[in-house]
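Chemist: Based on what follows, work out the 3D shape:
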Amino acid sequence: MSLIISDLKVSREQTPIISGVSFTIAPGELHILSGVNGAGKSTLLNALMANPLYEVTAGSIVLDDTDLTSLPTYQRARHGLFLSLQSPPEVPGVPMDDFLRTSIEAITGERPHTLPFERDFQSALGLLRLDPKFAKRSLNEGFSGGEKKRSELLQLLMLKPKYALLDEPDSGLDQGAVGYLIEVITQLRQQGTGILLVTHYNHIITALHPTIVHHLKNGLLA
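Modeler: Predicted coordinates:
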């Protein structure tokens with residue numbers, strides 16, 4: 001059981017960006033994706049999650065024996081794939097806890113029971129050192145950069161995906177918040193979540209003890 005990327009080629013507006021990338025992430029593994037700005041790191045993650053701006057022109061994406069290559073984003077999420085964006089959108093009027101309940105229902109097909117949901121939610125808030133009032137704030141509305149990053153981590157903890165694609169989750173975080181990130185990733189790996197993480201920071205790579213570090217250059221893994 002694994003996430004298998006085979007000879008993936010990706011274009012945007014008919015311009016090739018990813019030129020044939022292959023790798024496999026097993027449960028609990030952490031793969032780091034590095035490379036200069038413009039190398040195609042975000043493109044790769046967005047293509048894996050079926051962002052319609054990016055076209056997969058060749059290759060395949062297989063998650064635990066299910067071919068995701070032609071599936072839309074919501075079906076990939078139901079199969080256990082999660083994407084954390086560099087700049088998540090604001091959703092005014094939708095409280096964080098309601099958003100998470102609805103997201104869990106959309107993925108599992110069942111509304112989460114109140115007591116287990118609240119237990120997991122309070123545990124996640126505690127791990128991220130977030131005030132309980134955070135639950136009733138509109139999703140990302142008026143959030144600082146650091147709060148948006150912790151909002152993404154909160155979603156990650158609550159949705160419990162099989163595989164997580166994290167696009168620079170350490171960007172803009174202070175030293176304390178970087179500590180929360182390391183704790184969350186460590187906990188997820190212990191639970192069996194496979195992770196592909198984009199970062200530019202060597203101290204983050206060292207602290208996380210990744211399974212492997214990939215370097216993306218000219219659309220290929222070096």
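Chemist: Give the buried residues for stretch 141-160.
Modeler: For stretch 141-160, a neighbour-count test (16 or more other CB atoms under 10 Å) marks 143, 146-160 as buried. All C-beta atoms are positioned from the backbone trio N, CA, C, and that covers glycine.
Chemist: ditto for stretch 115-134
Modeler: Neighbour-count burial for stretch 115-134, counted by 16+ other CB under 10 Å, picks out 117, 120-121, 124-125, 127-128, 130, 134.
Chemist: ok, back up a step: return the subset of the buried residues of stretch 141-160 lying in helices.
Modeler: 146-159 (DSSP state H).
Chemist: tell me which of those is nearest to Thr15?
Modeler: Nearest to Thr15 among those is Glu152, at 28.3 Å by CB to CB.
Chemist: ok, the closest one to Ser84 distance?
Modeler: 4 Å (CB to CB, to the nearest Å).
Chemist: Same question for Ala50.
Modeler: Ala50 is 15 Å from Ser84, by CB to CB.
Chemist: Which strand or helix spans Phe117?
Modeler: Element membership of Phe117, judged by DSSP states H and E, is helix 114-127.
Chemist: Now do that helix: distance to the chain's middle.
Modeler: Distance, stretch centre to chain centre, for helix 114-127: 20 Å (CA atoms, centre = their mean, to the nearest Å).
Chemist: which secondary structure elements does that helix contact?
Modeler: Under the contact definition 3 or more CB pairs under 8 Å, 6 or more residues apart in numbering; DSSP states H and E, helix 114-127 sits against helix 96-108, helix 145-159, helix 175-190.
Chemist: Minimum distance to Ser6: which of the ones you listed has it?
Modeler: Per CB to CB, nearest to Ser6 of the helices and strands packed on helix 114-127: helix 175-190, 23.7 Å.
Chemist: contacts for the closest one?
Modeler: The list of residues contacting helix 175-190 from outside it, by CB atoms under 8 Å, 6 or more residues apart in numbering, reads 28-30, 127-129, 146, 149-150, 153, 156-157, 164, 169-170, 173, 195, 197, 204, 207-208.
Chemist: Now the element after it, going C-ward?
Modeler: Using DSSP H and E, the helix or strand that follows helix 175-190 towards the C-terminus is strand 194-198.
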